[in-house]
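Undergrad: any chance you could fold what I've pasted below:
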Amino acid sequence: MGANQTVPSYQTIGSALQNVCYTGEQPGLSFLHTHSVDMSTNFTQILNIGPRIYPLALIDQSHEEIFPGSYSAILKTEIEGIEIESVLNSESIDVTSTIPFTDDITFALNASCLPTYDISFNTKVITNMINASIQAKTVDNFKNLYLSTETNVALSNSLLVGGAYTIDLEKFRQGFELMASFQTLRNLFCYTYNHTNSISTFGWNFTINNGASIGSKIQVDHDANIKVGTLGYNMVIGNNSVCASISSELSTCAKFVRDTGKGLTVSVGLTSNMLKQINAISLGLQLDTGKQI
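TA: Model (predicted):
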């Protein structure tokens, strides 16, 4: 990492690996609205509507949701240097407060009251050499206690290694995950191994130019001896972007995103699985209003 560049989090690298190839979205309509009140406060609403294919009487067999959609409301603000985030959705109510100790160390407290009372404490250290966090979390009305840690270490300007470890102190179950990332000017290589699921994932992304890239991803389920490969392409032209992929399971995906430049972004996604004969379409709308920050 450079002198003024911090190490990305473990989750950030994991997301980069998953985003190497576009693999489709939930079918239906999604709407996201963000209203910026000022430099430190914004309110976001997310509405997802997914069509129910089978009648409600067959809900046990179809494994579909009773309500064909979900809603979330997120309020982010900052008071005296303390970041506060409140999340309300159909499953829980969460409030998180992040307090900076120094430029490199932060402390976060999260409380949830639905469907059970849960509390978590998180301490994070971010520098140009390491990104580490340790978390203690109570779940199920304080009956279970989990301890977890995530660490990323920059061995050089282009090589990152990291790991995540979680233990359930109630049942003494534990799991870990390992990660390695190597990045050059045009290439990004990522590898993860999840001990809990016995799944290895390898991803590669090559930047052709400023607006186009190709990527491939191979996922191996060691327990089921299943290997799935995916090849994808992404291109950005002005305010438009197009991405597409095809997998070894003969599943194809494509997505088109149009930024109108007036606070409105429209996306259309198509997914088709030729073996299972399943086709799906998704439509997304993103609207930004309020003060421009």
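Undergrad: low-confidence ranges, the stretch 1-150 of the chain, go.
TA: In the predicted model of the stretch 1-150 of the chain, residues 1-4, 17-18, 53-54, 62 satisfy pLDDT under 70.
Undergrad: give the contact list for residue 155.
TA: The contact partners of residue 155, by CB atoms under 8 Å, 6 or more residues apart in numbering, come to residue 161. Using the backbone N, CA and C atoms, a C-beta is placed for each residue, glycine as well.
Undergrad: separation between it and residue 177?
TA: Distance, residue 155 to residue 177, by CB to CB, to the nearest Å: 18 Å.
Undergrad: do the same with residue 268
TA: 34 Å.
Undergrad: between the two, who's got more neighbours?
TA: residue 177 (19 against 13; other CB atoms under 10 Å).
Undergrad: pLDDT at the more buried one, what is it?
TA: Residue 177 is assigned 92 on the pLDDT scale.
Undergrad: and the pLDDT for the closest residue to residue 22 other than its chain neighbours?
TA: The shortest distance from residue 22 to any non-neighbouring residue, by CB to CB, 6 or more residues apart in numbering, is to residue 243 (4.3 Å). The per-residue pLDDT reported for residue 243 equals 92.
Undergrad: residue 243 touches residue 230, doesn't it?
TA: No: assessed by CB atoms under 8 Å, residue 243 is found out of contact with residue 230, at 11.8 Å.
Undergrad: which residue ranges of the stretch 51-200 of the chain form strands?
TA: 69-79, 82-89, 93-100, 105-112, 118-126, 130-139, 144-154, 159-168, 173-183, 187-194, 199-209 (DSSP state E, counting those that start in this stretch).
Undergrad: buried set for the third one?
TA: By 16 or more other CB atoms under 10 Å, the buried positions in strand 93-100 come out as 94, 96, 98.
Undergrad: then the fifth one?
TA: Within strand 118-126, the residues that qualify as buried by neighbour count (16+ other CB under 10 Å) are 118, 120, 122, 124, 125, 126.
Undergrad: list of residues touching it?
TA: By CB under 8 Å, 6+ apart, the residues outside strand 118-126 that reach it are 6-7, 9, 104-112, 131-140, 142.
Undergrad: excluding residues flanking it in the chain, which one is nearest residue 287?
TA: Excluding the flanking residues, the one nearest residue 287 by CB to CB, 6+ apart is residue 33, at 4.7 Å.
Undergrad: quick one: residues contacting that neighbour.
TA: By CB under 8 Å, 6+ apart, the neighbours of residue 33 are 44, 45, 286, 287, 288, 289.
Undergrad: can you say which two of these are spatially most distant?
TA: Maximum pairwise distance among those (CB to CB): 11.8 Å, between 45 and 288.
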